[in-house]
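> next comes the sequence, and after it the predicted model I'd like to discuss.
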Amino acid sequence: MTPSTWTLLEAIAALANAPLMSIAERLREAALPYVGSSALIIFTEDCTGRPQKKAGAEGIISRVSIPELDQLRSHVAEREEWQGEATIAGGQLPVLALTSETNALLTLTEPVLPEGPVERESALRMLDYLWQLTARRIQEKVADAPPSYLLESRAASAERLRVTAELVDRHSTTLETMLAALRSSSLDDAAARKAVTDLAATSLVNLRTLSDRTSDLVEEPVATAFERLREDLRPLMHFSGLDVQFIEPPVNGRALPGEVAHAARAIVRGLVLAIVEQPAVRRVRVQWDCDGVNLLINVRDDGLGELTADSPNIARLNSRVAALDGRMNIEVMAGWGADVQVVLPLDPPSAPVGDIGGWGLAEREMEVLQLLAAGQRNRAISAKLHISENTVKFHVRNIFRKLGVSSRTEAIALAHSHGLRAPLDPTDWHLLSLKRV
């Protein structure tokens, strides 16, 4: 075995065993003998909490954004490389981009390839091989992620949504103010006013598109998630001869948070594999439903009823369920098979409401704060509470003063730390009134 072959095998082994947080670094190291670059960026929607995996120049990887990568991906044909100038990290850079079977995107900035056509083609083939291996390993690692990763992913997803909502609110307010000023009849330079008005209007559209795109990244339609489960189980059905019957969820059911969708598919796959290990199992029924608050999973088999809750495989699946604050129940009847029910909440549990009576907020101010904490903009709060936007701004200023904060971000963080996320029910208001008395 030549030294170069041994080096390649070591690089492949490092890629296969790399944790998700360092897989971009391992891929860049493996690809370096074939294609150089200033930075390597992986964009994958399999990782809902951190869809970017990056290595290389800090000035690039710290500034690259999801909309830039999403725009680049629209130019790249499936399973083909694309080279050209693209907007990355806020500037125009030469890039080399490849997609994968998992719909992930690999981007190399300022790529360095061999000059000879034969050597260049060989380098691109090797890069594509390493990339496809990496993309598949990312998907597998997410599917089999430990409970700690699910918790981290859910927290990161929720935080990104909150920050995006805050940015949209802040910049939309600024741009709407610009629009109001520029449309004023007191400005006589019509051409300048029109140009800046068009610019501000475009910026508003881009901000709202960013908000929608971020929401799409962390959620998956329940019907799409179930179809991916069907595809995951197809090879098992083909090789084992098992008859798997799928009961589809409602197509208009609530979209699933990405980490819930990934965990649900992994749980069902694990259950089916545990069921197949039993003798005399010929048929399995898999059903998903959604009640708006939980994803409801039901898996039944027609075996001899030998599935046990204390088996290592089921215990491992139960820990995954518990990581998402769910619950699993197994009913076994000897000679009649097993019936497994899993309930996965779609939202993280709310923290207990802290002692907020000392804030001295009026009832309307508390309602405004709760809507702020939910990421609502002034206009949405105005519509929700049937008050004017100026009144909303008045309440927000009072809230800042009473909470001792100077920004919406600080107010939201303080509200979240006290568990103030969902609208309080009348009982909560009664308790708060008693505290103020």
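It's in.

> which stretches of the protein form strands?
Per DSSP state E, the chain carries strands over the ranges 39-43, 52-56, 81-88, 91-99, 105-109, 219-220, 243-247, 256-257, 283-290, 294-301, 327-333, 337-345.

> can you redo these as a markdown table with mean neighbour count, mean pLDDT and distance to His386?
All C-beta spots, glycine's among them, are computed from the backbone N, C-alpha and C. Below are the strands of the chain laid out as a markdown table (neighbours: other Cβ atoms under 10 Å; pLDDT from 0 to 100; distance: least, Cβ to Cβ, whole Å):
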| stretch | mean neighbour count | mean pLDDT | distance to His386 |
| --- | --- | --- | --- |
| strand 39-43 | 25 | 94 | 42 |
| strand 52-56 | 20 | 89 | 41 |
| strand 81-88 | 16 | 91 | 42 |
| strand 91-99 | 18 | 93 | 46 |
| strand 105-109 | 26 | 94 | 45 |
| strand 219-220 | 21 | 78 | 29 |
| strand 243-247 | 14 | 92 | 42 |
| strand 256-257 | 25 | 84 | 31 |
| strand 283-290 | 19 | 92 | 31 |
| strand 294-301 | 21 | 93 | 32 |
| strand 327-333 | 14 | 88 | 39 |
| strand 337-345 | 21 | 91 | 31 |
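
> switch the ones you listed over to JSON lines; also include distance to Ile267.
Formatted as JSON lines, the strands of the chain follow (distance: least, Cβ to Cβ, whole Å):
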{"stretch": "strand 39-43", "distance to Ile267": "26"}
{"stretch": "strand 52-56", "distance to Ile267": "25"}
{"stretch": "strand 81-88", "distance to Ile267": "37"}
{"stretch": "strand 91-99", "distance to Ile267": "29"}
{"stretch": "strand 105-109", "distance to Ile267": "28"}
{"stretch": "strand 219-220", "distance to Ile267": "15"}
{"stretch": "strand 243-247", "distance to Ile267": "15"}
{"stretch": "strand 256-257", "distance to Ile267": "13"}
{"stretch": "strand 283-290", "distance to Ile267": "11"}
{"stretch": "strand 294-301", "distance to Ile267": "7"}
{"stretch": "strand 327-333", "distance to Ile267": "8"}
{"stretch": "strand 337-345", "distance to Ile267": "6"}
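
> among these, which comes closest to Phe226?
Closest to Phe226 of these is strand 283-290 (Cβ to Cβ; 5.3 Å).

> tell me what the closest one is packed against?
Using 3 or more Cβ pairs under 8 Å, 6 or more residues apart in numbering; DSSP states H and E, the elements in contact with strand 283-290 are helix 222-240, strand 243-247, helix 258-276, strand 294-301.

> mind putting the ones you listed into CSV with distance to Gly360?
Converted to CSV, the helices and strands packed on strand 283-290 look like this (distance: least, Cβ to Cβ, whole Å):
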stretch, distance to Gly360
helix 222-240, 43
strand 243-247, 53
helix 258-276, 38
strand 294-301, 37
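
> Ala362 is nearest to which of those?
Closest to Ala362 of the helices and strands packed on strand 283-290, according to Cβ to Cβ: strand 294-301, at 34.8 Å.

> the closest one: partners in the sheet, and parallel or antiparallel?
In the sheet, strand 294-301 lines up against strand 283-290 (antiparallel), strand 337-345 (antiparallel) (DSSP bridges).

> reformat the ones you listed into CSV and put distance to Gln370 next to each item.
Putting the strands paired with strand 294-301 into CSV (distance: least, Cβ to Cβ, whole Å) gives the following:
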stretch, distance to Gln370
strand 283-290, 25
strand 337-345, 20
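
> what's the closest of these to Thr134?
Here strand 337-345 is closest among these (Cβ to Cβ), at 28.7 Å.

> which residues make contact with the closest one from outside it?
Strand 337-345 has contacts (Cβ atoms under 8 Å, 6 or more residues apart in numbering) with 260, 263-264, 267, 271, 275, 281, 293-307, 321, 324-332.

> out of the helices and strands packed on strand 283-290, which is closest to Ile412?
Proximity to Ile412 (Cβ to Cβ) singles out helix 258-276 among the helices and strands packed on strand 283-290, at 22.0 Å.

> from the contact counts, what lies against that closest one?
Counting by 3+ Cβ pairs under 8 Å, 6+ apart, helix 258-276 packs on helix 117-143, helix 147-182, strand 219-220, helix 222-240, strand 283-290, strand 294-301, helix 312-323, strand 337-345.

> of those, which shows the lowest average pLDDT?
Mean pLDDT is lowest for helix 147-182 among the helices and strands packed on helix 258-276, at a mean of 60.

> ok, His238 - how many residues close by?
9 (other Cβ atoms under 10 Å).

> quickly list what Asp301 is bridged to.
Val284.

> wait, doesn't it sit right on Ala280?
No: taking contacts as Cβ atoms under 8 Å, Asp301 lies outside contact range of Ala280: 9.6 Å.

> for Leu229, grab the count of nearby residues.
By other Cβ under 10 Å, neighbour count at Leu229 equals 22.

> any idea which of the helices and strands packed on strand 283-290 gets closest to Glu389?
From those, taking Cβ to Cβ, the stretch that ends up closest is helix 258-276, at 33.4 Å.

> count of residues packed around the residue nearest to Glu277 when sequence neighbours are not counted?
Distance criterion Cβ to Cβ, 6 or more residues apart in numbering; nearest residue to Glu277, sequence neighbours excluded, is Asn313 at 7.9 Å. If you count neighbours by other Cβ under 10 Å, Asn313 ends up with 15.

> quick one: residues contacting Asn313.
Gly270, Leu273, Ala274, Glu277.

> gap between it and Ala123?
According to Cβ to Cβ, to the nearest Å, Asn313 stands 43 Å off from Ala123.

> likewise for Glu115?
11 Å.

> same deal with Val405?
In this view, Val405 and Ala123 are 54 Å apart by Cβ to Cβ.

> more crowded one of those two?
Higher neighbour count among Val405 and Ala123: Ala123, with 20 against 16, using other Cβ under 10 Å.

> which non-adjacent residue is nearest that one?
What sits nearest to Ala123 in space, not counting adjacent residues and going by Cβ to Cβ, 6+ apart, is Tyr34, at 4.1 Å.

> wouldn't that neighbour be in contact with Leu127 here?
Yes: judged on Cβ under 8 Å, Tyr34 makes contact with Leu127 at a distance of 5.6 Å.

> show me which of the two is the more surrounded one.
Per other Cβ under 10 Å, whichever of Tyr34 and Leu127 has more neighbours is Leu127, with 23 against 20.

> wait, Leu414 sits on Val405?
Yes: using Cβ under 8 Å, Leu414 is in contact with Val405, at 6.4 Å.

> what is the neighbour count of Glu259?
Using other Cβ under 10 Å: Glu259 sits among 29 other residues.

> distance check, it against Ala374.
From Glu259 to Ala374 the distance is 20 Å (Cβ to Cβ).
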